[in-house]
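K.L.:
could you look at this predicted model? Sequence included:
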Amino acid sequence: MPDSRAVKGAAVQFGIFEVDICTGELRKRGVKVKLQEQPFLVLTMLLEHSGQIVTRDDLRQRLWPADTFVDFDHGLNNAVKRLREALGDVAETPRFIETIPKRGYRFIGSLTSSNDTPPMSQDRVPAVSAVSPRQAGQNRSFWRKYWVHLLVAAASPVLILGLLIGLNADGIGTRVRAAWSKPPQIHSLAVLPLKNLSDDPAQEYFSYGMTEELITDLAQVSGLKVISHTSVLQYAKTSKPLPQIARELGVDAIVEGTVQRSGERVRITAQLIYAPEEQHLWAASYDRDFRDALTLESTVAAAIVEPIRTRTASARVTPRKTQASPSIAALEDYLHGKYAREQIGAGAGIEAYDAAVDYLKRAIAEDPNFAPAYVELAHTYDNAYAMWPNEKYPLEKALVAKALELDPESAEAHLMSANLKNWWDCDLKGEEKDLREAVRVNPNLCDAHSELSTYLESVGRLEEARAEADLAKALDPEKFYGLAPSAGNGQYDREIEEIRKHLELHPDDGYAYIDSGGLIDLYHFAGRHRESIQAMQRAWTLFGFKAIGQGLGKAYATSGYQGALRYSAKQMERLYAEHKVDEPSWIAMWYARSGDKEQALKWVGISLADNNYCWADLYRDPNFTSLHSDSRFQELVKRSTGLNPKPTSF
């Protein structure tokens, strides 16, 4: 083992690295390497005991004093991992840090010191007497050394305290820095996808569902911005540093963790990190029965909120209504169905839709009082509105009504209710009421802010609409939330660019093409017809109709834009007649865009009769502006108010 002065001097060198204990810096060939506090403290302790085993318990006592609540194993493993990354070291073939299984770690590198000067002697001061000039000179030299030694002795306690703070000995550094520095303020956070530690990759649906449930629970905290699940999915397998992820998502803190299912037991480990400094604020592990998985998420969320609440006075917890735990079978099928629904429109096609419906119907049959399953099934029917046989409105309405009966505080159910009132009932006042209720219950529900934005734009409240759109964008920065294209809004290029950025990360999101304000619409209203057709081709393909997409390209090449629109409308007519799709309003829209007024009026009538379009939406939709003055159009709208069907059982 090298002389201890090699460690306690100004700097310690090993290989191409240099560690300055006093300043807390690690440098590589003279260039500072960013290393967070805890990994640096691990390195310091290993250097102090170079060549010797430093036990995990010794590291725990140095890094996390007894009054700190933390999942030690997870925290230490993470600190060592980050230290090795900074040193370019590999656990299997270490150059610097050797793992001693079940015991601890050992520094095996060769140390040198950049300050090998031995410490100064502390001799006793002799008595003063008459001296020769030469002796006087020697005495002057002696006294200079004496005063230097005296100053060093006086400064020693300060230096020692500084060293203890730097090394965090016995937790002194943590406590002193906490006393001197202002606690980090947390106003926003993101929950990274929980890593699936189960041996079975098929359990991915479970970690996906647990992540989304945790986000939903944390979203109940008023005064705290919580990023949507869709925006964090891109970081499922990323190697980006946490500060970079936080900057990209615009948040203060990150929650990361793992989930493991073994039989009917579930173990979740999570930690809360102040991202700019990678400062660990809280960590814990929980082990529960599988049927308590949803309750477990609420427990984890409540624990995470506590350190946030102490740092952010505006954060107030509004816990979700606690329901009885569903049966194991119901929860299993619910999570499977939720995962399958997310694949609809992402290249999975009708198989994902069928799977989601089957799983969710079984979940309801297994536990008729499990409200989330009703909402999720209604959402599944709604997701497939453009591509498969409908007759779903009565079912959706009954499902949403049952969900609200079981859980009046379900923000997702209020949002679905608002969609139904807009799309089917033309109940604009009821739509706004439900949207406001969804936002009240869950202020972080980005879809509710997006839908409220669209509603406000449709009734001419543009300033409010833009504010809600901005809120949705802040909560889900990777998802597009373009306002429905109004004639002359002049913002097509900006909205197109936002969706294109979204598609770079989510290339299989079919709804980014077909939704109101999606690429098909925006390219059309911007006069970029070739690109609108290309977007239509991509949408046909993503929703399982690749041959039609190919035919659309040929129609555009031979008959131009209007001819391609008529081709798409006729293909949709054929599928509608074969009961393979149920979207007559799209047929009407494509005929109207192509300039075929007669066919457009015909399919507007069919759409209104099928309750596939709301008369208020018809008047707001710029696709049908050319029909407004036609008496036949006015008569169709007049008759449409009595055509809404009544809900049936599901």
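P.N.:
Perfect, thanks for sending it. In this text, all values refer to a predicted model and were calculated from it rather than measured experimentally.
K.L.:
remind me which residues of the stretch 401-550 of the chain are low pLDDT?
P.N.:
424, 426, 478-491 (pLDDT under 70).
K.L.:
just the helices in it please.
P.N.:
411-420, 428-441, 446-458, 462-475, 492-505, 511-514, 519-525, 529-542, 546-577 (DSSP state H, counting those that start in this stretch).
K.L.:
of the ones you listed, which is nearest Trp586?
P.N.:
Trp586 lies closest to helix 546-577 among the helices of the stretch 401-550 of the chain, at 6.0 Å (Cβ to Cβ). (Each C-beta comes from the backbone N, C-alpha and C, glycine too.)
K.L.:
immediately after the closest one, which helix or strand?
P.N.:
helix 584-594 (DSSP states H and E).
K.L.:
let me know the angle separating the helix or strand following that next one from helix 546-577.
P.N.:
Where DSSP H and E defines the elements, the next helix or strand beyond helix 584-594 is helix 597-609. With axes from the mean of the first three to the mean of the last three Cα atoms, to 10 degrees applied, the angle from helix 597-609 to helix 546-577 works out at 70 degrees.
K.L.:
buried residues in helix 597-609?
P.N.:
599-608 (16 or more other Cβ atoms under 10 Å).
K.L.:
list the helices and strands that helix packs on?
P.N.:
Here helix 597-609 touches helix 584-594, helix 615-620, helix 631-639, going by 3 or more Cβ pairs under 8 Å, 6 or more residues apart in numbering; DSSP states H and E.
K.L.:
could those go into JSON lines alongside distance to Glu342, mean pLDDT and mean neighbour count?
P.N.:
Supplementary listing: those in JSON lines, determined by distance: least, Cβ to Cβ, whole Å; pLDDT from 0 to 100; neighbours: other Cβ atoms under 10 Å:
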{"stretch": "helix 584-594", "distance to Glu342": "23", "mean pLDDT": "89", "mean neighbour count": "24"}
{"stretch": "helix 615-620", "distance to Glu342": "27", "mean pLDDT": "64", "mean neighbour count": "17"}
{"stretch": "helix 631-639", "distance to Glu342": "37", "mean pLDDT": "78", "mean neighbour count": "14"}
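K.L.:
helix, strand, or coil at Gln185?
P.N.:
Under DSSP: H, G, I helix; E, B strand; the rest coil, Gln185 falls in the coil class.
K.L.:
if you could redo that for Thr99, that was the one I meant.
P.N.:
strand.
K.L.:
that one: what's it in contact with?
P.N.:
Applying Cβ atoms under 8 Å, 6 or more residues apart in numbering, we find Thr99 in contact with 91, 105.
K.L.:
show me what it bridges to in the sheet.
P.N.:
The partner list for Thr99 in beta bridges (DSSP bridges) reads Tyr105.
K.L.:
thinking again about what came up before, could I get the buried residues of helix 597-609 as CSV with pLDDT?
P.N.:
Converted to CSV, the buried residues of helix 597-609 look like this (pLDDT from 0 to 100):
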residue, pLDDT
Gln599, 94
Ala600, 92
Leu601, 90
Lys602, 92
Trp603, 90
Val604, 87
Gly605, 85
Ile606, 85
Ser607, 81
Leu608, 77
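K.L.:
now the two most distant members of the residues you listed.
P.N.:
Largest separation among these by Cβ to Cβ: Gln599 and Leu608, giving 15.1 Å.
K.L.:
so Gly257 sits in a strand?
P.N.:
Yes: according to three-state DSSP, the state of Gly257 is that of a strand.
K.L.:
need the contact list for it.
P.N.:
194-195, 268-271.
K.L.:
got the domain ranges for this structure?
P.N.:
5-113, 133-180, 191-317 (automatic domain parsing).
K.L.:
out of the helices of the stretch 401-550 of the chain, the one nearest Ala365 is which?
P.N.:
Going by Cβ to Cβ, the one of these nearest Ala365 is helix 411-420, 19.4 Å.
K.L.:
next, the angle from the closest one to helix 428-441.
P.N.:
Using the same axes, to 10 degrees, helix 411-420 lies at 160 degrees relative to helix 428-441.
K.L.:
quick one: helix 411-420 to chain centroid distance?
P.N.:
Distance of helix 411-420 from the chain centroid (Cα atoms, centre = their mean, to the nearest Å) equals 22 Å.
K.L.:
show me what it is packed up against.
P.N.:
Using 3+ Cβ pairs under 8 Å, 6+ apart, helix 411-420 sits against helix 371-383, helix 393-406, helix 428-441, helix 446-458.
K.L.:
what's the closest of the ones you listed to Arg27?
P.N.:
Among the helices and strands packed on helix 411-420, if distance is taken as Cβ to Cβ, the winner is helix 446-458, at 43.3 Å.
K.L.:
can you pull out the strands in the stretch 101-250 of the chain?
P.N.:
104-107, 112-113, 188-191, 195-196, 221-222, 225-226 (DSSP state E, counting those that start in this stretch).
K.L.:
comparing those, which yields the minimum mean pLDDT?
P.N.:
Note on the strands of the stretch 101-250 of the chain: strand 112-113 shows the lowest mean pLDDT, a mean of 65.
K.L.:
quick one on the thing from earlier: which one of the domains of the chain is the most hemmed in?
P.N.:
domain 191-317 (a mean of 19; mean count of other Cβ atoms under 10 Å).
K.L.:
picking that back up, make a markdown table from the helices and strands packed on helix 597-609 and add distance to Gln343 to it.
P.N.:
Formatted as a markdown table, these follow (distance: least, Cβ to Cβ, whole Å):
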| stretch | distance to Gln343 |
| --- | --- |
| helix 584-594 | 22 |
| helix 615-620 | 28 |
| helix 631-639 | 37 |
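K.L.:
hang on, the earlier thing: save the domains of the chain as a markdown table, and put in distance to Ser516 too.
P.N.:
What follows is the domains of the chain, written out as a markdown table (distance: least, Cβ to Cβ, whole Å):
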| stretch | distance to Ser516 |
| --- | --- |
| domain 5-113 | 44 |
| domain 133-180 | 51 |
| domain 191-317 | 18 |
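K.L.:
how about those domains, which one is nearest Ala330?
P.N.:
domain 191-317 (9.0 Å).
K.L.:
dump the residue contacts of the residue positioned nearest the centre of the chain.
P.N.:
Taking Cα atoms, centre = their mean, the centroid of the chain lies closest to Val232, which sits 2.8 Å from it. Residues in contact with Val232 (Cβ under 8 Å, 6+ apart) are 190-193, 211, 215, 249.
K.L.:
if we use 10 Å, what do you get?
P.N.:
Val232 sits next to 190-193, 211-212, 215, 226, 245, 249, 251, 254-255, 476, 478 when contact means Cβ atoms under 10 Å, 6 or more residues apart in numbering.
K.L.:
tell me the mean pLDDT for the helix or strand where Ile364 lies?
P.N.:
Applying DSSP H and E as the criterion places Ile364 in helix 350-366. For helix 350-366, the mean per-residue pLDDT is 87.
K.L.:
what is it packed up against?
P.N.:
Identification of packing neighbours for helix 350-366 by 3 or more Cβ pairs under 10 Å, 6 or more residues apart in numbering; DSSP states H and E yields helix 328-341, helix 371-383, helix 393-406.
K.L.:
can you pull the buried residues of the first one?
P.N.:
By neighbour count with 16+ other Cβ under 10 Å, helix 328-341 contains the buried residues 328, 330-341.
K.L.:
cool, and the second one?
P.N.:
By neighbour count, and taking 16+ other Cβ under 10 Å as the criterion, the buried residues in helix 371-383 are 371-383.
K.L.:
many thanks, I have nothing further to ask.
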